[in-house]
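A.B. asks: Following is a predicted model, sequence given first.
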Amino acid sequence: MAKEIVKPATGKLGIMVVGLGAVSTTFMTGVMMARKGLAKPVGSMTQYDKIRIGKGENKKYLHYNEIVSMPSLDDLVFAAWDVFPANAYESAINAEVLKEKDIEPVKDELLKIKPLKAAFDKNYAKRLDGDNVKQCKDRWDMTEQVREDIRNFKKETGVDRVVVLWAASTEIYVEPDMKYHGTIAALEQAMKDNVVDKIAPSMCYAYAALMEDCPFIMGAPNTTVDIPAMWELSEKTQVPIAGKDFKTGQTLVKSGFAPIIGTRMLGLNGWFSTNILGNRDGLVLDEPANFRTKEVSKLSTLESILVADDQPDLYSEYYHKVRINYYPPRNDNKEGWDNIDIFGWMGYPMQIKINFLCRDSILAAPLCLDLCLLMDLAHRAGRYGTQRFLSFFLKSPMHDYTQDEIPVNHLFQQYVMLKNAIREMGGYEADEEID
Ligand SMILES: NC(=O)c1ccc[n+]([C@@H]2O[C@H](COP(=O)([O-])OP(=O)(O)OC[C@H]3O[C@@H](n4cnc5c(N)ncnc54)[C@H](O)[C@@H]3O)[C@@H](O)[C@H]2O)c1
C-alpha cells in the first residue's frame, strides 16, 4: 500500500466550537490549565495512549505524536458561537462543572473568548431563550454568515487551519429526507428556499465549515452530516466529517460491556438504561422532540454487537430501552443505571446492575480534544468523507446506510480501527484485523 503523505502540523490550529456551554468550557479550560502545567489531560487518547508499531523484536510502543505529526496543546486557538452572550469564563462558572480554583488561573484567556452570534432557530431547541443570535433572511444567508465568521477568525488570529466542533444543544430530530438531503444540489436549493423544518441550523454550520476547508465534527446526535448531501459535499471539498454524539458515560460502558455477553455466548432478554441529569443539556433533552434525537442515537449501540441474525437463540427479541430524566439537583453529575437481564445454560435468567456516577463534561472534554486533533490529522493526510476510525469516540457512528453499511459499535473493534488508522497515517501497516 502506498504510504500516506501527511502534511506536518505547522503553525496554529483554530478550534471553533458551536456552543459555549458545559462541555466546551470544560474542554477549553482543561487545555489552558494543562498548558500551564496546572492540570493533566486525563482521558485523552492523543495525550496518553501508546500504539504498538512493528512486530516481534522490532516492536515499539509510541505516543500518537511520535507516529504522526500532531499539534501540541500550545498550538490551539479557540473561538465559539452561542445563543447566550456570556464569555467562556462566565459560562464555565455558570456550568458549575469545575471548581473556581481550576478556572481562575486561566480567567484572562477565558474572558477573551466571547461568543459569536449563533446561527439559531428556536424551533430546534424550544427551551433555549438567548438573544445572541444572527438575523438571517433564510438558511442560505445563515450559511453565508457562518462562513464569514470562519474567514474573519482565520484573518484575525492567523491560524493555519481550523476545525469546527458542534458541542451545542441537541436539536429536534430531523428525519433524513432524500428530497432535501439526498444531494448537494437539493440541500442548497432547500437552503435557498428556506425549508426551515428540513434544514437545521447545524446544517448551516456544517455546510459553511466544509466550504471553508474546515473539518466538521458532530458531537450531539443531530443528523446534520449524516445525510448523503453532506457526504457528497465532504468528497467534493475533500474535507473530512465525523459524528455523531460523543460516547461518554452510559454508552461507553454499554459498548465495552456488551462484548462480554456476546463473547461468552450468554443470552440477553433485556437492557434497561436510565439516567438522571440536571444540566442545561438535560433541560433541552426533557423536550420529547429533542430526546427523540438522543434516543435514536443511544438505541443503536447494542444492535450491531449482539446481533439476532447471527445468534437467534441468544439475541432475538431482546427489549432495549433508554431513558433520560431531567433532575436539577445533580447538575452535570449524571447518574446512570443499567439493568441487564441475561440468561445462561438452559435459559436460566440472571441480572447485572451497573450504577455509573459520572461527570458528563469531564468525560466529554477529552473526546473534544481527541476528535479535533485527529480530524485535523485526517485532513492533513488528505482523508475525506466520514472518518469511521473515529467511531471509538462516538455513540452513534456514522456509516453509509444507503448501502446497508453496518456501524461498528463494539468498543474494542473501534479501538483497532483507531490504531490502524494512526499506523497507516504514520506510514506503517495496519496490522490488526477486525473479524
Ligand atoms: N457531556 C456529555 O457527556 C455529552 C455526551 C454526548 C453528547 N453531548 C452533547 O454535547 C452537547 C453539549 O452539551 P453541554 O452539556 O455542553 O450542553 P450545554 O447546554 O451546557 O451547552 C450547549 C450550548 O449550546 C448553545 N447552543 C444551542 N444551539 C446553538 C446554536 N444553534 N448555535 C450556537 N450555540 C447553540 C446553548 O446556548 C448552550 O450554551 C449536547 O448536544 C449534548 O447532548 C454531551
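C.D. replies: Nice, thanks for sending it over.
A.B. asks: Determine the three-state secondary structure at I217.
C.D. replies: Recorded secondary structure, I217: strand (DSSP: H, G, I helix; E, B strand; the rest coil).
A.B. asks: How confident was the prediction at the nearest residue to E188 once chain neighbours are set aside?
C.D. replies: Leaving aside its sequence neighbours, E188 sits nearest to W140 (C-beta to C-beta, 6 or more residues apart in numbering; 7.6 Å). In short, each C-beta sits where N, CA and C put it, glycine included. Note on W140: pLDDT of 98.
A.B. asks: C-alpha coordinates for the helix or strand harbouring W140, PDB please?
C.D. replies: In the assignment (DSSP states H and E), W140 maps to helix 139-157. Taking Å, rounded to 0.1, in the frame of the first residue of the first chain, the C-alpha atoms of helix 139-157 are listed here in PDB:
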ATOM      1  CA  ARG A 139     -31.000  29.400   5.700                       C
ATOM      2  CA  TRP A 140     -28.700  30.300   2.800                       C
ATOM      3  CA  ASP A 141     -27.900  33.600   4.400                       C
ATOM      4  CA  MET A 142     -27.400  31.800   7.700                       C
ATOM      5  CA  THR A 143     -24.700  29.700   6.000                       C
ATOM      6  CA  GLU A 144     -23.100  32.800   4.400                       C
ATOM      7  CA  GLN A 145     -22.800  34.500   7.800                       C
ATOM      8  CA  VAL A 146     -21.200  31.500   9.400                       C
ATOM      9  CA  ARG A 147     -18.700  31.300   6.500                       C
ATOM     10  CA  GLU A 148     -17.800  34.900   7.100                       C
ATOM     11  CA  ASP A 149     -17.200  34.200  10.800                       C
ATOM     12  CA  ILE A 150     -14.800  31.500   9.900                       C
ATOM     13  CA  ARG A 151     -12.900  33.700   7.400                       C
ATOM     14  CA  ASN A 152     -12.700  36.500  10.000                       C
ATOM     15  CA  PHE A 153     -11.400  34.200  12.700                       C
ATOM     16  CA  LYS A 154      -8.700  33.000  10.400                       C
ATOM     17  CA  LYS A 155      -7.700  36.500   9.400                       C
ATOM     18  CA  GLU A 156      -7.800  37.900  13.000                       C
ATOM     19  CA  THR A 157      -5.800  35.100  14.600                       C
END
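A.B. asks: helices or strands up against whatever helix or strand comes next after that helix?
C.D. replies: Towards the C-terminus, the helix or strand next in line after helix 139-157, according to DSSP H and E, is strand 161-166. Packing partners of strand 161-166 (3 or more C-beta pairs under 8 Å, 6 or more residues apart in numbering; DSSP states H and E): strand 13-18, helix 139-157, helix 201-211, strand 216-218, helix 360-380.
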